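Enquirer: After the sequence you'll find the predicted model.
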Amino acid sequence: MANRYLILEDGTVFAGTGFGSPAVTFGEVVFNTAQAGFQEIITNPVYFNQIVVFAQPNIGNLPLYRNIYETITPPIKGVVARNLASFEPTGRRQVGLSQYLYQMNIPGVAGIDTRALIQRLKAAGKPLRGSIVPVADDHAFDQLHATVLTNQQVAQVATPKPYPNPDVGQTVVVVDFGLKNGILRELSRRKCNVTVLPYSASAQEILRLDPDGVVLSSGPGAPANVKASVLEMIRTIQTKVPLLGIGLGHELFALANGAKVTRLPIEHHGLNHPIKEIITDQIVYASQAAGYLVDRDSVDRDQLYVTYVDLIDNSVQGLHHRRYPAFSVQFFPDGAPGPDETDSLFDEFMDMMKEEGSRG
């Protein structure tokens, strides 16, 4: 394998060996502390325009399975690892991580001191732009400093047109802000008749489908960069049918109800943050991939109440509306990867739809 370098906008250089594609790439550098699930992580749309550093020292020791991709086209810009396992496919339907990244034109670099790199990212207090390059010279840094990353991530990854995921149960509309397939899997397990709509869908377009409930999907980027009409849509929908927001959908739900959202100094990416459900004092773990948080002091107690908090930094991890059957969570209740301790939130959503339907 050829020498490759990860360079950061602060001038830091990390040398390693390349795998995957030989392409040059640019993106925000973030780290993920998950001990498993590298396939789900690299195919999660929340990582659009980002280079993912794995804290787990060994990755790639298993084949990629086609039935657990979170999206068909992986959105990440690159992969950084301490060690890349030497995986040899044993069947024609198996593919290793390096081969998969090569097919998708995504570069990787291994042999990096990821502990030092993560400490560097933590010290910066914000995501740093980085680049994976064959030569770490002045030209490479000039290109990195000149690179402007889009702030319209949702528009880049969300579906431009509606599509169905049919079944025989409750009718659910999923508004796609960067939908991960895990959400569809959980709805399918509950026999939901799903229609996925673009993030730009209006309340009228949604209600025309006569849904029993609406899901606001997870997605990449800052909620402030999503058009204001989305907040108007949420304010209307939450008064009409049960609503569940996840990830970016949670942040938009909070904004629509008067709360503020701020940037995390160190993003949450992993499975190891303990999360407390306030009403039961139960501690759960769930997959997280968040660059923003809801400002707890800004939550209007007449509109919303907090349902979950992160026990490491006390950040808001869940909200519930006081008057309407509408709630949201920052984490991924579908897992993929990660613990499935919180997938019962989909059952709660189902119960809300049934209760509202019985009143109808």
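Expert: Ah, there it is. Since this is a predicted model, take the numbers as computed values, not measurements.

Enquirer: remind me which residues of this structure are low pLDDT?
Expert: Where the chain drops to pLDDT under 70, the residues are 1, 358-360.

Enquirer: Quick check: nearest residue in space to Gln288, chain neighbours excluded?
Expert: The shortest distance from Gln288 to any non-neighbouring residue, by Cβ to Cβ, 6 or more residues apart in numbering, is to His268 (4.4 Å). Where C-beta positions appear, they are placed from N, C-alpha and C, glycine not excepted.

Enquirer: For that neighbour, grab the count of nearby residues.
Expert: Neighbourhood size, His268 [other Cβ atoms under 10 Å]: 24.

Enquirer: next one: Pro22
Expert: Pro22 is flanked by 13 other residues according to other Cβ under 10 Å.

Enquirer: for the host helix or strand of the residue nearest to Gln288, the distance to its chain's centre please.
Expert: Counting by DSSP states H and E, the element that carries His268 is strand 261-270. Here strand 261-270 shows a centroid-to-chain-centroid distance of 12 Å under the convention Cα atoms, centre = their mean, to the nearest Å.

Enquirer: Provide the strand pairings for it, with the direction of each partner.
Expert: When sheet partners are counted by DSSP bridges, strand 261-270 sits next to strand 288-294 (antiparallel).

Enquirer: who does the helix or strand following the strand it pairs with touch, helix- and strand-wise?
Expert: For strand 288-294, the succeeding helix or strand toward the C-terminus, using DSSP H and E, is strand 304-310. If you count contacts as 3 or more Cβ pairs under 8 Å, 6 or more residues apart in numbering; DSSP states H and E, strand 304-310 packs onto strand 274-277, strand 316-321, strand 326-329.

Enquirer: okay, the angle between the longest one and strand 304-310?
Expert: When you say that, I think you mean strand 316-321. If you take axes from the mean of the first three to the mean of the last three Cα atoms, to 10 degrees, strand 316-321 sits at 160 degrees to strand 304-310.

Enquirer: one step back: pull out the buried positions in the strand holding His268.
Expert: By neighbour count with 16 or more other Cβ atoms under 10 Å, strand 261-270 contains the buried residues Val261, Ile266, Glu267, His268, His269, Gly270.

Enquirer: What about Ile183, how many residues nearby?
Expert: Ile183 - counted by other Cβ under 10 Å - has 26 other residues nearby.

Enquirer: and the helix or strand it falls within, what does it pack onto?
Expert: Per DSSP H and E, Ile183 falls inside helix 181-189. Packing partners of helix 181-189 (3+ Cβ pairs under 8 Å, 6+ apart): strand 163-165, strand 171-176, strand 193-198.

Enquirer: Direction included, what does the first one pair up with?
Expert: This means strand 163-165. With DSSP bridges as the test, strand 163-165 pairs up with strand 193-198 (antiparallel).

Enquirer: quick one on the thing from earlier: minimum distance to Pro242: which of the helices and strands packed on strand 304-310 has it?
Expert: Nearest to Pro242, of all these, is strand 326-329, at 6.7 Å by Cβ to Cβ.

Enquirer: Surely Leu319 touches Glu251?
Expert: No - applying Cβ atoms under 8 Å, one finds Leu319 not in contact with Glu251, separated by 9.9 Å.

Enquirer: Mind checking which of these two has more residues around it?
Expert: Glu251 (30 against 25).

Enquirer: Before we go further, that one is sitting in a helix, right?
Expert: Yes - according to DSSP: H, G, I helix; E, B strand; the rest coil, Glu251 belongs to a helix.

Enquirer: Any idea what Gln50 is bridged to?
Expert: For Gln50, the residues forming beta bridges with it (DSSP bridges) are Glu28.

Enquirer: when you give positions from now on, start the count at 600
Expert: All right, first residue 600 from here; so that's Gln649.

Enquirer: Can you get me a residue count around it?
Expert: So Gln649, with other Cβ under 10 Å, has 26 neighbours.

Enquirer: Next: Tyr891.
Expert: For Tyr891, using other Cβ under 10 Å, the count is 22.

Enquirer: pretty sure it contacts Ala821?
Expert: Yes - using Cβ under 8 Å, Tyr891 makes contact with Ala821 at a distance of 6.3 Å.

Enquirer: Pull up the overlap in contacts between these two.
Expert: Jointly contacting Tyr891 and Ala821 under the rule Cβ atoms under 8 Å, 6 or more residues apart in numbering are Val860, Arg862.

Enquirer: Could you pull up phi and psi at the residue nearest to Gly626 when sequence neighbours are not counted?
Expert: Once flanking residues are discounted, Gly626 sits nearest to Lys676: 3.3 Å by Cβ to Cβ, 6+ apart. With angles defined as degrees, to the nearest 10, Lys676 sits at phi -100, psi -20.

Enquirer: Tally up the residues packed near Lys676, please.
Expert: Counted by other Cβ under 10 Å, the residues lying close to Lys676 total 23.

Enquirer: Likewise for Asn913?
Expert: What Asn913 shows, counting by other Cβ under 10 Å, is a neighbour count of 11.

Enquirer: how close does it sit to His849?
Expert: Distance, Asn913 to His849, using Cβ to Cβ, to the nearest Å: 16 Å.

Enquirer: same check, this time on Glu785
Expert: 16 Å.

Enquirer: When these two are compared, which one has more neighbours?
Expert: Looking at Glu785 and His849 with other Cβ under 10 Å, you find the greater number of neighbours at His849, namely 28 against 22.

Enquirer: thought that one was touching Gln929?
Expert: Yes - taking contacts as Cβ under 8 Å, His849 lies within contact range of Gln929: 5.1 Å.

Enquirer: ok, the residue nearest to Gly626 - contacts?
Expert: Going by Cβ under 8 Å, 6+ apart, Lys676 touches Thr624, Phe625, Gly626, Asn648, Gln649, Ile650, Ile705.
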